[in-house]
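> Pasted the sequence and its predicted model underneath.
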Amino acid sequence: MADKTLGILGGLGPLATVYFMDIIVKMTDVKKDQDHISMIVLNHPSIPDRTEFILDNTKPNPLPVMIADAKKLQAAGADYVVMPCNTAHFFYEQIQKNIEIPMLNIIEETVKYSIEKIKRKSEKCKNNDGIKLGILATKGTISSGAYGNMCRKYGIDCAVPSVSDEESLMNIIYNQVKAGAKVDIDEFLRIIAHMRADGCDALILGCTELSIINRDYDLHRDYIIDSLEVLAKRSITLCGKKIKENL
């Protein structure tokens, strides 16, 4: 298969975009520079906030800007488009309809990956029966039902944080990670513990800012699934390269 070029619709936020590229580079099985995948990156942090619009559609609409950016990536020669942002996938179908190249869906890829991982570990889940995913994400992602709808599509259950834990998680995402401030890791781990106690087989980091926490605090536990890492792995294989073993 001929090598393909990945188009990254970035800036949602900027730190997650840079980290996504870093993951791809580190996960690709290479021997020299020329073995890496080609990437075209449009890092556009001034795109209006996705959660604000989803919760209140009188706020500035990010969709026209994201469609324009996806078209720019296509015109620049991208074979695939990815958005390293879960919340932005509220607009996935509308963006995909406006471009002629495939756009990967981080939410669907992550749910599929989670199911396969859980099924490899548990005999009780042969037909997806009994699988329950915990979703850690922004209010925008949760209220849009993006993960809930995808879980129903694949016949599994999902859970989200309590109202108070959701507020705390939003504080961590917006006022700590996005703001470049110190993360209250004890509070984040407490939220994770609540979700595990609720019977979740695995917890999806359904916000790319949470992927930054995963990196900085080495949270690579077996039951934590990082959506950004899942998207990176899928991007590597679609672009004709191999993923390093033992990741």
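Nice, thanks for sending it over.
> Please enumerate the strands of the chain.
Taking DSSP state E as the test, the strands found in the chain are 5-10, 38-43, 80-82, 132-136, 157-159, 202-205, 224-226.
> Figure out which of the ones you listed is closest to residue 61.
Of all those, it is strand 5-10 that lies closest to residue 61, at 15.8 Å by CB to CB. In short, each C-beta sits where N, CA and C put it, glycine included.
> name the helices or strands packed onto that closest one?
On a contact count with 3 or more CB pairs under 8 Å, 6 or more residues apart in numbering; DSSP states H and E, strand 5-10 meets helix 14-27, strand 38-43, helix 63-75, strand 80-82.
> Test my guess that residue 240 contacts residue 6.
No: using CB atoms under 8 Å, residue 240 is not in contact with residue 6, being 10.5 Å away.
> circling back to that earlier point, using a markdown table, lay out the strands of the chain together with distance to residue 165, mean pLDDT and mean neighbour count.
Shown next, in a markdown table, are these (distance: least, CB to CB, whole Å; pLDDT from 0 to 100; neighbours: other CB atoms under 10 Å):
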| stretch | distance to residue 165 | mean pLDDT | mean neighbour count |
| --- | --- | --- | --- |
| strand 5-10 | 29 | 98 | 24 |
| strand 38-43 | 31 | 97 | 17 |
| strand 80-82 | 29 | 98 | 23 |
| strand 132-136 | 9 | 96 | 25 |
| strand 157-159 | 11 | 95 | 18 |
| strand 202-205 | 12 | 96 | 24 |
| strand 224-226 | 16 | 96 | 21 |
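> possible to save these as JSON lines with distance to residue 120?
What follows is these, written out as JSON lines (distance: least, CB to CB, whole Å):
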{"stretch": "strand 5-10", "distance to residue 120": "27"}
{"stretch": "strand 38-43", "distance to residue 120": "30"}
{"stretch": "strand 80-82", "distance to residue 120": "25"}
{"stretch": "strand 132-136", "distance to residue 120": "15"}
{"stretch": "strand 157-159", "distance to residue 120": "19"}
{"stretch": "strand 202-205", "distance to residue 120": "12"}
{"stretch": "strand 224-226", "distance to residue 120": "13"}
